[in-house]
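Undergrad: would you be able to build a 3D model of this:
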Amino acid sequence: MIFLTFQLSYHTLWGQQVCVCGSTPELGSFDESKALVLNNDGDLWNIQLSVHHVGNIDYYYFIKEGGHTIRREWGENRRLFVENNKTFYLQDLWKTEPYHRYLYSSVFTESVFAHTKKTFSGEYYSQSILLNVICPYVRKDQKLVISGDNEKIGNWNLEKALPLDCVRNGEWQIVLDAAFFSEDVHYKFVIVDAGSLKAIHW
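TA: Numbers count the residues shown, from 1 in each chain. Purely as a prediction, here's the structure:
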């Protein structure tokens, strides 16, 4: 059994509902008429459920009003690799169509911003933090790293910062061991030169 908690901050108007739809039967098997309606506390929407599927779960959020879908997230569906007998807390942000949408065209993704895509290994710690970052403007001679005031992410030394894996065009991911991070850790994502590791953009 796998336990999932979906959480999304979204401001709705009266009569609107936030729903989640996905690739498993519990999430409607991509049939929006069978999708789950999240519960809300103000602008914070969430729902808890259990699933039996081990492996990748694809899902997305959409807005329903009067029984009809009025809005869906932009871009590809979200993807999470889940393992049996684990609990996952998903804190998501609504994916709005970005102003730099043109960067997702093959003109850029297959040339200037081309990166080898890595499939998630599925290796979690006993308690993990999975960070998923949208950053489509990392050039092919650059990489995205996480740096901060913690030894595990380099203590602000970019030579010891941890690199994120490119999992899709413009999408980066890293899994951290939660045992080594307190709630007040400070960190930033940095685009660095792949060779010198010098900061290009914080």
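
Undergrad: return the helix or strand in the protein with minimum mean pLDDT.
TA: helix 106-107 (a mean of 90; mean pLDDT, DSSP states H and E).

Undergrad: how far away from the center of its chain is it?
TA: 23 Å (C-alpha atoms, centre = their mean, to the nearest Å).

Undergrad: before we move on, what about stretch 83-92?
TA: On the basis of C-alpha atoms, centre = their mean, stretch 83-92 sits 13 Å off its chain's mean C-alpha point.

Undergrad: ok, and for it, which residues are buried?
TA: 88, 90, 92 (16 or more other C-beta atoms under 10 Å). Where C-beta positions appear, they are placed from N, C-alpha and C, glycine not excepted.

Undergrad: and those, which of them are in strands?
TA: Members of those lying in strands (criterion: DSSP state E): 88, 90, 92.

Undergrad: for residue 72, state which of these is nearest.
TA: For these, the minimum distance to residue 72 (C-beta to C-beta) is 13.9 Å, reached by residue 92.

Undergrad: distance of the residue of the chain positioned farthest from its centre relative to residue 103?
TA: Distance to the chain centre peaks in the chain at residue 66, reaching 29.2 Å (criterion: C-alpha atoms, centre = their mean). Remark: distance between residue 66 and residue 103 (C-beta to C-beta, to the nearest Å) = 35 Å.
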